[in-house]
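Student: Take a look and give me a structure for this.
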Amino acid sequence: MFIDKAKIFIKSGDGGDGRVAFRREKYAPNGGPNGGDGGDGGDIVFVVDENMRTLMDFRYRRKHVAEDGEMGGNVNCSGRSAEDLLIKVPAGTLLRDVETGSLIGDLKHPGDRVVVARGGKGGKGNQHFATATRQAPHFAQPGEKGMERWIEMELKLLADVGLVGFPNVGKSTFLSIVTSATPKIANYHFTTLVPNLGVVEMEGGRSFVIADIPGLIEGASSGVGLGHDFLRHVERTKVLIHLLDTSGLEGRDPLEDFYKINDELKIYSEKLVNKPQVVACNKMDIPESEENYRIVAEELGKKGYEVFAISAATREGIAPLLDRVYNLLEKVKDVEEPVEEILDLVYHNNTSDKPFTVRKENGVFVVEGRLVEQLLASVNMEDNDSIKYFQKVLRKRGIVDELRQFGVKDGDTVKMQELEFEYFE
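Tutor: Here you go, the predicted model:
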């Protein structure tokens, strides 16, 4: 089964806490602080694995959590930083943030990688907070929290050539002849419900990848049938082979089919209909095909299309068609097909310009934000040195200035999480 969409939960590792520790050697029973720093948490990294073909594995494992950094040790020893968590995906995978819908990764080639969540930084040990007047700090900095979010993955086939056409025009048969692929083939509509990939091997070591895109129908660009799912896989192909049934055995007009398919491509994306496109009139082994082929070749030839007469059943005309397609690929092989501009490939929890906010609620000044969380986690309100450090940070990081702008006065109540205190200059 071909799985082309999956949604998973990811969380980068938390940073390890800094350690509160003091030298306690035999000849220095009251030595200075020597608490080590915490290690960094692991990043979440998506990387292309050329051996993967689908997103099926992610149906069964939807939660991916990186390791936390280790807590700092004694004797100035830093905690171990966690290894990054590598999530392997097939080439052609798009990564989107579920909450915002923004594109955060477009992984096309083997080895491509993108960091979607940075691990939290490790906290500083109490050795960093020693000063001439504060020689025995009983507090340390906690590690930053990792980032967590839901990611939607979407796999777009990476093929050089896309086979398009109405259902039952012979695309699966064509693919089975020109490649070693073995798609399901039968004489009824919508036999192909998932894209099939194959490699065309030609003389002289020439080759290219071709994808049998499931049959399109009128209204596909509006989502009729499996339209959007099918059209998604056409976007990155470089050349299109438009297969037409010129036999007329099913009462279809090949010219009408041609225009309908191209209308759907154009409505879905202007760039699709502007891709190099060759027309292959199939089933030429059937006598009734001759007249339809003449009409199609005459009209589409005037519009600049190259029209080939082929028979997937007898392999008639296949070689010239493949030669022409390969020559077209040589001209467009360096053309990139970005899905959309990626503004930021790395997401992190510390992206806010302002690490705290102040608001007034029922006469109480409430201070919130990640700076508040980190500060309260690092201080020890039972220790005078720690309280002085707390007050210094409030001033240094602009919290006091912000409170003044909100009109705080001596004696007013300030709340930070569960901590409430009276404000005094």
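Student: Would you map the helices across this protein?
Tutor: 171-178, 227-232, 254-268, 270-273, 289-302, 318-332, 370-378, 384-396, 399-405 (DSSP state H).
Student: Include distance to Thr100, mean neighbour count and mean pLDDT when you put those into TSV, please.
Tutor: Placement of C-beta: from N, CA and C, glycine included. What follows is the helices of the chain, written out as TSV (distance: least, CB to CB, whole Å; neighbours: other CB atoms under 10 Å; pLDDT from 0 to 100):
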stretch	distance to Thr100	mean neighbour count	mean pLDDT
helix 171-178	37	23	84
helix 227-232	20	19	55
helix 254-268	23	18	87
helix 270-273	25	14	78
helix 289-302	44	16	94
helix 318-332	33	16	91
helix 370-378	19	19	83
helix 384-396	32	15	85
helix 399-405	28	15	92
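Student: So for Asp84, which of the ones you listed sits nearest?
Tutor: helix 370-378 (22.3 Å; CB to CB).
Student: which residues does the residue nearest to Ala159 when sequence neighbours are not counted form a beta bridge with?
Tutor: In this structure, Ala159 finds its nearest non-sequential neighbour in Ala211, 3.6 Å apart by CB to CB, 6 or more residues apart in numbering. In this entry, Ala211 is beta-bridged to Gly162, Leu197, by DSSP bridges.
Student: Is it possible to get JSON lines of the helices of the chain that adds distance to Gly204?
Tutor: Compiled in JSON lines, the helices of the chain are given as follows (distance: least, CB to CB, whole Å):
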{"stretch": "helix 171-178", "distance to Gly204": "16"}
{"stretch": "helix 227-232", "distance to Gly204": "33"}
{"stretch": "helix 254-268", "distance to Gly204": "32"}
{"stretch": "helix 270-273", "distance to Gly204": "30"}
{"stretch": "helix 289-302", "distance to Gly204": "29"}
{"stretch": "helix 318-332", "distance to Gly204": "10"}
{"stretch": "helix 370-378", "distance to Gly204": "61"}
{"stretch": "helix 384-396", "distance to Gly204": "70"}
{"stretch": "helix 399-405", "distance to Gly204": "71"}
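Student: now for those helices, which one comes closest to Ile241?
Tutor: helix 318-332 (6.5 Å).
Student: Number of residues surrounding the residue nearest to Ala159?
Tutor: Applying the criterion other CB atoms under 10 Å, we find 24 residues in the vicinity of Ala211.
Student: Now tell me what touches stretch 284-295 from outside.
Tutor: 246-249, 254-255, 281, 283, 307, 309-311, 313-314, 316-317 (CB atoms under 8 Å, 6 or more residues apart in numbering).
Student: Run through the stretch 101-250 of the chain and note the low-pLDDT ranges.
Tutor: The stretch 101-250 of the chain contains residues with pLDDT under 70 at 157-158, 180-195, 214-233.
Student: at 50 instead, please
Tutor: Filtered on pLDDT under 50, the stretch 101-250 of the chain yields the residue ranges 181-193, 217-228.
Student: out of the helices of the chain, which comes closest to Ser102?
Tutor: Nearest to Ser102, of these and by CB to CB, is helix 227-232 at 17.9 Å.
Student: which residues sit in contact with the residue nearest the centre of the chain?
Tutor: By CA atoms, centre = their mean, the chain has its centre lying nearest to Leu95, at 1.4 Å. By CB under 8 Å, 6+ apart, the contact list for Leu95 reads 46, 103-107, 114, 116, 151-153.
Student: Among those residues, name the buried ones.
Tutor: The neighbour count (16 or more other CB atoms under 10 Å) marks 46, 103-107, 114, 116, 151, 153 as buried among the contacts of Leu95.
Student: Nearest to Ser386, out of those: which one, please.
Tutor: Set against Ser386, the nearest of the buried ones among the contacts of Leu95 by CB to CB is Val116 (36.2 Å).
Student: Does the closest one touch Val45 like I think?
Tutor: Yes. If you go by CB atoms under 8 Å, Val116 and Val45 touch, sitting 7.5 Å apart.
Student: In the sheet, which residues pair with Val45? Tell me.
Tutor: Bridge pairing for Val45 - DSSP bridges - gives Leu86, Val115.
Student: so what's it scoring on pLDDT?
Tutor: Confidence at Val45, expressed as pLDDT, is 96.
Student: Just give me the neighbour total for Val89.
Tutor: If we define neighbours as other CB under 10 Å, then Val89 has 25 of them.
Student: Please name the spatially closest residue to it (chain neighbours excluded).
Tutor: Nearest residue to Val89, sequence neighbours excluded (CB to CB, 6+ apart): Phe46, at 5.7 Å.
Student: how near is the one you found to His109?
Tutor: Counting by CB to CB, to the nearest Å, the separation of Phe46 from His109 is 13 Å.
Student: now swap in Val89 and tell me
Tutor: 12 Å.
Student: Repeat that for Pro167.
Tutor: In terms of CB to CB, Pro167 sits 32 Å off from His109.
Student: Between those two, point out the one with more neighbours.
Tutor: More neighbours surround Pro167 than the other of Pro167 and His109, with 17 against 10 (other CB under 10 Å).
Student: can you list residues touching both of Val89 and His109?
Tutor: Once CB under 8 Å, 6+ apart is applied, the residues that Val89 and His109 both contact turn out to be Val48.
Student: in terms of contact, does Arg324 touch Pro276 like I think?
Tutor: No. At 9.9 Å, Arg324 and Pro276 do not qualify as touching, with contact defined as CB under 8 Å.
Student: Strands along the stretch 1-150 of the chain, start to end?
Tutor: 5-11, 44-48, 63-65, 85-89, 93-97, 103-107, 113-117, 148-155 (DSSP state E, counting those that start in this stretch).
Student: Need those strands in CSV (columns: distance to Arg397).
Tutor: Compiled in CSV, the strands of the stretch 1-150 of the chain are given as follows (distance: least, CB to CB, whole Å):
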stretch, distance to Arg397
strand 5-11, 27
strand 44-48, 29
strand 63-65, 31
strand 85-89, 32
strand 93-97, 29
strand 103-107, 30
strand 113-117, 25
strand 148-155, 25
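Student: mind checking which of these is nearest Val366?
Tutor: Val366 lies closest to strand 148-155 among the strands of the stretch 1-150 of the chain, at 24.6 Å (CB to CB).
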